[in-house]
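# Need the 3D shape of this:
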Amino acid sequence: MAEITASLVKELREKSGAGMMDAKKALVENNGDIDVAIDWLRTKGLAKAEKKSGRTAAEGLVAIATSGTKGAIVEINAETDFVARNEQFQSFVKDAAAKALELDDAAALADADMGGKSVKETLTDMIAKIGENMALRRAASLEVSQGAVTGYVHAAMADNMGKIGVLVALESSADDAALQALGKQIAMHVAAANPQALDRDSVDAEELERERTVLKEQAVEAGKPPEIAEKMVEGRIRKYFEEICLVDQTFVMDGETKVGDVIANAAKDAGAEIKLTGFIRFQLGEGIEKEAEDFAAEVSKVANG
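I've put the predicted structure just below:
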């Protein structure tokens, strides 16, 4: 039997949203395996379907840069929102996003030249001047051979910088103005709806099977016969796709049309095929957990009780 530590209970509670005692029981029942415990909680109706990632402590900025058929996005963190409003910090983030257009990831960006020093060294100098810790957390890019990569920033603090940044790639020979307009609308949808995959083929096979297993166990727990349970599962899987796949989501702009149909209709109007080939969404600080007040003591009491 694995040792059920306070930190293990804390981790499960943060990931599942379950109560303290339920989290401990799930770990005991599943020999301390976090992933299996999450599924167990979901089967029992004691956890939310998605892991929580909104308890963020990081501040800073997400920034985008686009140039025709390529776009880049970066997240650079600071300790306070005050620094995110600092003109020197904003200038650095803007330059870093532009530099990311030439590169593939954060590691390459950190080593890239920025006015005679690397991006990493420039950031270190800023830390010394401003007196607050900062970090280049991540960077990514999208590119198409023909068409447009369009960006959108939500809750902008300056041009192309804010709390949420999105890039959308459209492969097409259609007019650039039409692609830019369509791309921005889709990017705004992505910012609001936060899809997890482009389409059904993009959904991770293991995650899909895991979801199917949990749904089937829920149906069985509810006392449904196997054949009814199977039909219920297939119906819920379709709903699952509609929730997480961008092209299957309902377009937030009208609340009726599927995103895939919005693209198909735009292609008809443009007289040219338009293919959505990818998207990237960065939300400032997502996945970085806040330190909870007196939480360690509370967990320790329950875990050791």
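# Name the SS class of residue 280, please.
strand (DSSP: H, G, I helix; E, B strand; the rest coil).
# how many other residues sit next to the residue nearest to it when sequence neighbours are not counted?
If the residues on either side of it in the chain are set aside, residue 280 comes closest to residue 167, at 4.6 Å by C-beta to C-beta, 6 or more residues apart in numbering. C-beta here means a position set from N, CA and C on the backbone, and glycine is covered the same way. The tally of other residues near residue 167 (other C-beta atoms under 10 Å) stands at 27.
# wait, what's in contact with residue 167?
64, 66, 71-73, 140-142, 149-151, 187, 279-280 (C-beta atoms under 8 Å, 6 or more residues apart in numbering).
# let's see it at 7 Å
64, 71, 73, 142, 149, 151, 279-280 (C-beta atoms under 7 Å, 6 or more residues apart in numbering).
# Which one of the residues you listed is nearest to residue 118?
residue 73 (20.0 Å; C-beta to C-beta).
# Does that closest one lie in a helix or a strand, and which?
Take DSSP states H and E as the rule and residue 73 turns out to sit in strand 70-78.
# So which other helices or strands are in contact with the very next helix or strand once past that strand?
Downstream of strand 70-78, the first helix or strand assigned by DSSP H and E is helix 81-84. Contact partners of helix 81-84 among helices and strands, from 3 or more C-beta pairs under 7 Å, 6 or more residues apart in numbering; DSSP states H and E: strand 59-67.
# Can you show me the helices along the stretch 201-305 of the chain?
205-221, 226-244, 259-270, 295-303 (DSSP state H, counting those that start in this stretch).
# quick one, which of the ones you listed is nearest to residue 81?
Nearest of those (C-beta to C-beta): helix 295-303, 23.1 Å.
# ok so, going back, could you redo the contacts of residue 167 as JSON lines and give each row pLDDT, neighbour count and distance to residue 270?
Output for those, formatted as JSON lines (pLDDT from 0 to 100; neighbours: other C-beta atoms under 10 Å; distance: C-beta to C-beta, whole Å):
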{"residue": "64", "pLDDT": "98", "neighbour count": "26", "distance to residue 270": "24"}
{"residue": "71", "pLDDT": "97", "neighbour count": "29", "distance to residue 270": "20"}
{"residue": "73", "pLDDT": "98", "neighbour count": "25", "distance to residue 270": "26"}
{"residue": "142", "pLDDT": "97", "neighbour count": "21", "distance to residue 270": "20"}
{"residue": "149", "pLDDT": "97", "neighbour count": "30", "distance to residue 270": "17"}
{"residue": "151", "pLDDT": "95", "neighbour count": "23", "distance to residue 270": "20"}
{"residue": "279", "pLDDT": "98", "neighbour count": "22", "distance to residue 270": "20"}
{"residue": "280", "pLDDT": "98", "neighbour count": "21", "distance to residue 270": "24"}
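# Contacts only, for the closest residue to residue 257 other than its chain neighbours.
Among residues not flanking residue 257 along the chain, residue 251 sits closest, at 4.8 Å (C-beta to C-beta, 6+ apart). For residue 251, the contact set (C-beta under 7 Å, 6+ apart) comprises 189, 257-259, 262.
# Next, give phi and psi for residue 251.
The phi/psi pair for residue 251 (degrees, to the nearest 10) reads phi -60, psi 120.
# And the pLDDT for it?
Residue 251 is assigned 97 on the pLDDT scale.
# any idea how far residue 200 is from it?
For residue 251, the distance to residue 200 (C-beta to C-beta, to the nearest Å) stands at 17 Å.
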